[in-house]
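1. what would the 3D arrangement of this be:
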Amino acid sequence: MYTVSDCPGGATYLWQTPPGWTMLNGQGTATLQVLPDTTDGTIGVQVCNQCGCGMATSLSVTADSCIGYCLAIGGSGQDFLYTGMIDGQYAVLIGECNSCGSGSTNIYVAKVDLTTGTVNWTYTMDYGSWDAAVGIEKIPAGYYVITGWIPIGIGGWSNYLVRINANTGNTIGNTYYLDPISWGTTIEYLGNNKIAVGDASGQLIIVDLSTINITAAFSYSRPWAVKKHTNGTLFTAGVNGHICQYDANLSPAWCKQYGSGTFYWLGEAPNGNIVAAGIESSDIKVIEIDLSGNVIWAKRLGATAASSEWLPSYSSGMGYVASNGDILVTATTNGGTQGGNNVYVARLDANGNLKWARIIGGNGDDQGITIGETSNQRIVILGRTTSFGNGSTDFLVIVLNPDGSTTCTSGCFSESASYITTWPVSPSNVALPSSTTVNTYNFSGTAGTHGTLQQACP
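-> Here you go, the predicted model:
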């Protein structure tokens, strides 16, 4: 953060930073917050008021010597991340916490400032015994909607919806559970204050957030991923290699099977096609299809041809379309020269060619689950770790340069991987989803205690 003396008379402050540095906020004011990059240079500021502009002043600055880090977040017990999202300069991590609350595990949400590596706020909630947060989406109105499971309802477990203020971590309105279904897997904002919620029992539910009324529900084979296309159609993907398209009126258009295994992520490529990533036969599978479901390219990749790659159950978000159109994927691998399981991360170009892949971890078990990109193109991986942190298992945050490198590996190791091969898959048509009925109920829980933060390898 850089500050100059405040000048009276309605002054405006014009800042300049070195190439690659990101202005987070403060342009036009006396205080500027920046995210440094790897280029040395000069920060300059010129002050202007009604009398004109003064001479610019400058300060030589040194590039950030520590680009990339690992953070472990949790308490003394087992704390499992299921997924998360990147929201500007923040990462929002969600899962279950054994270290907080009165139940055996509790819903846990942590918002982390990626510029400083510190926790902005945490949210916990206890509804009895085993509670977890599994899916998250940010709504334009400025709050997160979270889903997962709680021990309540006809079948003993239910999908729930809770709304959390993005700035404060406080709940908004009531919390609801959806019955008779099991637990939420993913959420996608559809516009007009509506969301699509995937459920592990095999259903896709459309919810109006204004009234928390269900406007439509479809039976389907476990939609772990949901993606609204810019043309207004909706895509879902999940177990048995299924990908389905719904038209703009949310009527099922087609469903196809691509191999076996499970798709955990869907994205839209810059050319308008759909990209999906998942796990099949111990390999990561990545595929691009057109809007009719035809295969453009399909690849299998991992640490080595003999290694096993996987993703923890109930997880989503293993892929991301980068700002330049590249495809980022992460998962867990038993490849690598250290530790047990390790984080696997790869970057493919828009044609499915491997640019680079890395294996990252410590002496214990480390898992890659969700991946994203910050506003200045740094790669963020969210997962789990037993190598670092406070307890047996903690939430993990890894930040890398766009090329996968990091200058902060104290306590972590990072090595390259190169296995990728063509996936010869031929899609086959499968049955369309059918309409079903789901109800919503109001309920409440008990706020838990917060976990702690430990920086694992600065």
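2. what is the neighbour count of Glu415?
-> 15 (other CB atoms under 10 Å). C-beta coordinates here come from the backbone N, C-alpha and C atoms, glycine included.
3. would you confirm that it contacts Ala357?
-> No - taking contact to mean CB atoms under 8 Å, the distance of 9.9 Å between Glu415 and Ala357 leaves them out of contact.
4. which residues does Ile139 contact?
-> 145, 163, 189, 193, 195, 209 (CB atoms under 8 Å, 6 or more residues apart in numbering).
5. please redo it, this time with the cut-off set to 6 Å
-> Contacts for Ile139 were tallied using CB atoms under 6 Å, 6 or more residues apart in numbering; they are 145, 189.
6. go on, the one 4 residues further on?
-> With contacts taken as CB under 6 Å, 6+ apart, Tyr143 has the following neighbours: 163, 165-166, 172.
7. could you rerun that using 8 Å?
-> Tyr143 neighbours (CB under 8 Å, 6+ apart): 163-166, 172.
8. try Leu93
-> Listed by CB under 8 Å, 6+ apart, the contact set of Leu93 reads 73, 81, 84, 109-112, 382, 395, 397.
9. if you set the cut-off to 10 Å instead, what comes out?
-> For Leu93, the residues meeting the contact criterion (CB atoms under 10 Å, 6 or more residues apart in numbering) are 71, 73-74, 79, 81-85, 108-112, 119, 122, 133, 136, 369-370, 382-383, 395-397.
10. now do Ala306
-> When the contact criterion is CB under 10 Å, 6+ apart, the partners of Ala306 are 282, 334-335, 419.
11. can you tell me which two in the residues you listed are farthest apart?
-> By the measure CB to CB, these have their two most distant members at Asn334 and Tyr419, which lie 13.1 Å apart.
12. list residues touching both of these two?
-> 302-304, 306-307, 309.
13. in strands, which of those appear?
-> The strands, defined by DSSP state E, take in 302, 309 from the shared contacts of Asn334 and Tyr419.
14. okay, and the spatially most central residue of the chain sits in which element?
-> The C-alpha lying nearest the average C-alpha coordinate of the chain belongs to Met85 (CA atoms, centre = their mean; 2.9 Å). Using DSSP states H and E, the element containing Met85 is strand 79-87.
15. now that strand: how far from the chain's centre is it?
-> Its chain's C-alpha centre and that of strand 79-87 lie 6 Å apart, by CA atoms, centre = their mean, to the nearest Å.
16. what do you get for stretch 240-260?
-> Between the mean C-alpha location of stretch 240-260 and the chain-wide mean there is a distance of 23 Å, by CA atoms, centre = their mean.
17. correct me if wrong: Ser428 contacts Trp254.
-> No - taking CB atoms under 10 Å as the definition, Ser428 is not a contact partner of Trp254, at 11.5 Å.
18. neighbour-wise, which of these two wins?
-> Neighbours per residue, other CB under 10 Å: of Ser428 and Trp254, the larger number sits with Trp254, 16 against 11.
19. distance of the residue nearest to Asn341 when sequence neighbours are not counted relative to Asp79?
-> Using CB to CB, 6 or more residues apart in numbering and skipping residues adjacent in sequence, the residue nearest Asn341 is Asp365, 4.6 Å away. Here Asp365 is placed at a distance of 14 Å from Asp79 (CB to CB, to the nearest Å).
20. and for Ser251?
-> 41 Å.
21. can you check Asp113 too?
-> 19 Å.
22. in the sheet, who's paired with the closest residue to Ala56 other than its chain neighbours?
-> Residue nearest to Ala56 in three dimensions, not counting chain neighbours: Gln46, with 4.1 Å by CB to CB, 6+ apart. According to DSSP bridges, the residues that bridge with Gln46 are Leu14.
23. count the neighbours of Gln46 for me.
-> By the other CB under 10 Å criterion, the neighbourhood of Gln46 contains 15 residues.
24. try the one 4 residues further on
-> Burial of Gln50, expressed as a neighbour count using other CB under 10 Å, amounts to 7.
25. just checking, it touches Cys7?
-> No - in this structure, Gln50 sits apart from Cys7 without contact. The criterion is CB under 10 Å, and the distance is 11.2 Å.
26. what segments of the stretch 1-150 of the chain are strands?
-> Remark: strands assigned in the stretch 1-150 of the chain by DSSP state E, counting those that start in this stretch are 2-3, 12-16, 22-25, 31-35, 41-49, 52-53, 57-61, 69-74, 79-87, 90-97, 106-113, 118-126, 132-139, 143-150.
27. tell me what Ile359 is bridged to.
-> The residues paired with Ile359 through beta bridges, assigned by DSSP bridges, are Tyr344, Glu415.
28. any idea how far the nearest residue to Gly389 once chain neighbours are set aside is from Val112?
-> The shortest distance from Gly389 to any residue that is not its chain neighbour, by CB to CB, 6+ apart, is 2.9 Å, and that residue is Ala72. Relative to Val112, Ala72 is positioned 11 Å away (CB to CB).
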